[in-house]
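sharing a model that was predicted from the sequence below.
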Amino acid sequence: MRAMGDNSIALIPAANEVVRSRDTEYPYRQDSNFSYLCGFNEPESLMVLVPGRKAGQFLMFCRDRDPQKETWHGRRLGVERAPSALGADDAFPIGDIDEILPGLLEGRQYVYHTLGKDQQFDARLLGWLKRARSSRRSGSDPDAFISLDYHLHEMRVQKSRYELGLLKKAAKISADAHKRAMQVCQPGMHEYQLEASLIHTYRSHNACHAFSPIVGGGENGCILHYTENADVLEDGSLVLIDSGAEYEGYAGDITRTFPVNGRFSKDQKTVYEIVLASQLAAIKAVKPGNHWNDPHDAAVKVLTAGLRDIGILKGSLSSLIKDQAYKPYYMHTTGHWLGHDVHDVGEYKIDGNFRLLEPGMVLTIEPGLYLNNSRKIPKKYRNMGIRIEDDVIVTKDGHEVISSDVPKSVEKIESVMNPA
């Protein structure tokens, strides 16, 4: 509200329930901005922020208690309990919104709301504004819509101590799931069986999967967002798992690649250690004052040198990097913001320049190499998709890897998969 200033009002609606088929819905996921501001996880709700009047007002519109509907669909917080439970100044029934909102909009010059997310809500808002304008004195200033996203997204880039605690918990649950997948993996299993192992661990810790798990064996590991998870895991191949838990709205995101039979071959180890070295170099570049792209540049340098060492690329290292010769084998960036969303909000550039890393930012570091069956690749390295991803907090003095419970060296992975 301080950022909004006086003569303004902010409207943040909850996410809508989405019908899957007939009378069944998809699992409900609250809008991330709404959840960030108040932590309320019910649909049919609206947050209203009204600056001024000393500290300003936080108002909540939500559903009334209804014993009959709660018997069918679960408990509701209710209007009476909302102020104390959510820290709101007042709460009103969502059914009364048409009568109350126009009065709240009167005299407000700026309406902070992100248009286009919910067209039905946008249409109702235009109706409320029309009624509010009809009540004004002539000569009043016109209204202006301002997206709330810029302010909220920049706030969300900087995590509080409380948020960092939730992210650490999400990373811990994610790490437990990845370790369990390593331990149960055997040749002849299907990819979906490893997926089931991941989800079992998440639900056992009162979490859910933050995104559809990627479990790609063999050549499927070269498909960046492979989610079919239907094939048999072959003896002698690698499997790439990219998955993370969502805990109380905050996401983990870890990738590990390991041998289906528990032992890296000589050639698999060669490529794997190139990717691991690139990831360690990238993590080392995560510290306050470095630019967002510094970890990526560090990873690219190691990956390109490695591709040249194993005969896939030829030429001087500087020329290969300048010409982006690595792109057919490493086509994505080295990380993204992490928080309420897996690919969390926030700008990567400010005024056209990569922004500086600051304490409290959280990002992933995830270089990889994707060596398909192209004839340009030596046969012994084909059909290897290798990515290694960790979740990293920028700290005052450097960084903290919060997903380090999952082994990633060749020796430790083989030790977990082949206990004595």
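Arrived safely, thanks for sending.

look at V111 and give its secondary structure.
Three-state call for V111 (DSSP: H, G, I helix; E, B strand; the rest coil): strand.

ok, now S403?
Quick answer, by three-state DSSP: S403 is coil.

what about it, distance to P43?
32 Å (C-beta to C-beta, to the nearest Å). For glycine as for every other residue, the C-beta is placed from the backbone atoms N, C-alpha and C.

with neighbour numbers in mind, choose between the two.
Comparing S403 with P43 by neighbour count (other C-beta atoms under 10 Å), the higher total belongs to S403, at 26 against 18.

now do the contacts for V401.
Shown in contact with V401 (C-beta atoms under 8 Å, 6 or more residues apart in numbering): I283, D390, D391, V392.

out of the residues you listed, which comes closest to P67?
Using C-beta to C-beta, D391 is the member of those that sits closest to P67, with 42.9 Å.

low pLDDT regions in the stretch 251-400 of the chain?
Along the stretch 251-400 of the chain, the model assigns pLDDT under 70 to no residue.

got the residue ranges for the strands in the stretch 301-420 of the chain?
349-350, 353-354, 362-365, 368-371, 384-387, 390-394, 399-401 (DSSP state E, counting those that start in this stretch).

for G216, which of those is the nearest?
When the strands of the stretch 301-420 of the chain are compared by C-beta to C-beta, strand 384-387 sits nearest G216, at 6.2 Å.

that closest one pairs with which strands?
With DSSP bridges as the test, strand 384-387 is paired with strand 368-371 (antiparallel).

may I see the buried residues of the strand it pairs with?
Neighbour counts over strand 368-371 (16 or more other C-beta atoms under 10 Å) mark G368, L369, Y370, L371 as buried.

mind checking how far the nearest residue to the last one once chain neighbours are set aside is from Y329?
By that I understand L371. Of all residues not flanking L371 in the chain, M384 sits nearest, at 4.7 Å (C-beta to C-beta, 6 or more residues apart in numbering). Separation of M384 from Y329 (C-beta to C-beta) stands at 10 Å.

joint contacts of the two?
L369, Y370, L371.

would CSV of those residues with distance to D6 be doable?
As requested, the shared contacts of M384 and Y329 are exported to CSV (distance: C-beta to C-beta, whole Å):
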residue, distance to D6
L369, 54
Y370, 53
L371, 59
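
so which of those is the closest to A325?
Once C-beta to C-beta is applied, the member of the shared contacts of M384 and Y329 that ends up nearest A325 is L369, at 13.1 Å.

and the closest one, how far is that from G249?
33 Å.

with L313 instead?
Distance from L313 to G249, by C-beta to C-beta: 43 Å.

next one: H209
Separation of H209 from G249 (C-beta to C-beta): 14 Å.

what do you get for S212?
Counting by C-beta to C-beta - S212 and G249 are separated by 18 Å.

ok, now F40?
F40 is 11 Å from G249, by C-beta to C-beta.

where do the strands sit along the stretch 101-250 of the chain?
110-112, 144-146, 208-209, 214-217, 238-243, 245-247, 250-251.

can you lay out the ones you listed as JSON lines showing mean neighbour count and distance to G262?
As requested, the strands of the stretch 101-250 of the chain are exported to JSON lines (neighbours: other C-beta atoms under 10 Å; distance: least, C-beta to C-beta, whole Å):
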{"stretch": "strand 110-112", "mean neighbour count": "21", "distance to G262": "55"}
{"stretch": "strand 144-146", "mean neighbour count": "14", "distance to G262": "56"}
{"stretch": "strand 208-209", "mean neighbour count": "16", "distance to G262": "25"}
{"stretch": "strand 214-217", "mean neighbour count": "26", "distance to G262": "14"}
{"stretch": "strand 238-243", "mean neighbour count": "26", "distance to G262": "11"}
{"stretch": "strand 245-247", "mean neighbour count": "25", "distance to G262": "24"}
{"stretch": "strand 250-251", "mean neighbour count": "28", "distance to G262": "29"}
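
contacting residues for L105?
I9, V111, W128, L129, A132, D143.

for the closest residue to it other than its chain neighbours, give me its contacts.
Closest residue to L105 apart from its sequence neighbours, by C-beta to C-beta, 6+ apart: A132 at 4.0 Å. Residues in contact with A132 (C-beta under 8 Å, 6+ apart) are P102, G103, L105, E106, R108.

what's the first-to-last distance across stretch 236-250?
For stretch 236-250, the first-to-last residue distance is 36 Å (C-alpha to C-alpha, to the nearest Å).

so for that stretch, mean pLDDT?
For stretch 236-250, mean pLDDT rounds to 98.

i'd like the first residue to be 662 from this point on
Fine by me, first position is 662 from now on; the one you just mentioned is stretch 897-911.

off-centre distance for it?
Stretch 897-911 has its C-alpha centroid displaced from the chain centroid by 12 Å (C-alpha atoms, centre = their mean, to the nearest Å).

where do the helices sit along the stretch 962-1081 of the chain?
If you assign secondary structure with DSSP state H, counting those that start in this stretch, the helices in the stretch 962-1081 of the chain sit at 978-983, 1071-1078.

in PDB, list the C-alpha atoms belonging to the shortest one.
Only the C-alpha atoms of helix 978-983 are listed here, as PDB (Å, rounded to 0.1, in the frame of the first residue of the first chain):
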ATOM      1  CA  LEU A 978      37.200 -22.000 -27.000                       C
ATOM      2  CA  SER A 979      36.600 -18.300 -27.400                       C
ATOM      3  CA  SER A 980      35.300 -18.700 -31.000                       C
ATOM      4  CA  LEU A 981      33.000 -21.600 -30.000                       C
ATOM      5  CA  ILE A 982      31.500 -19.600 -27.200                       C
ATOM      6  CA  LYS A 983      31.100 -16.500 -29.300                       C
END
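
buried residues in it?
In helix 978-983, counting by 16+ other C-beta under 10 Å, buried: L981, I982.

got the domain ranges for the protein?
What automatic domain parsing lists as the domains of the chain is 669-816, 820-1078.

for the shortest one, give the mean pLDDT please.
Meaning domain 669-816. pLDDT averaged over domain 669-816 gives 92.

circling back to that earlier point, now the two most distant members of the contacts of V1062.
Largest separation among the contacts of V1062 by C-beta to C-beta: I944 and D1052, giving 10.7 Å.
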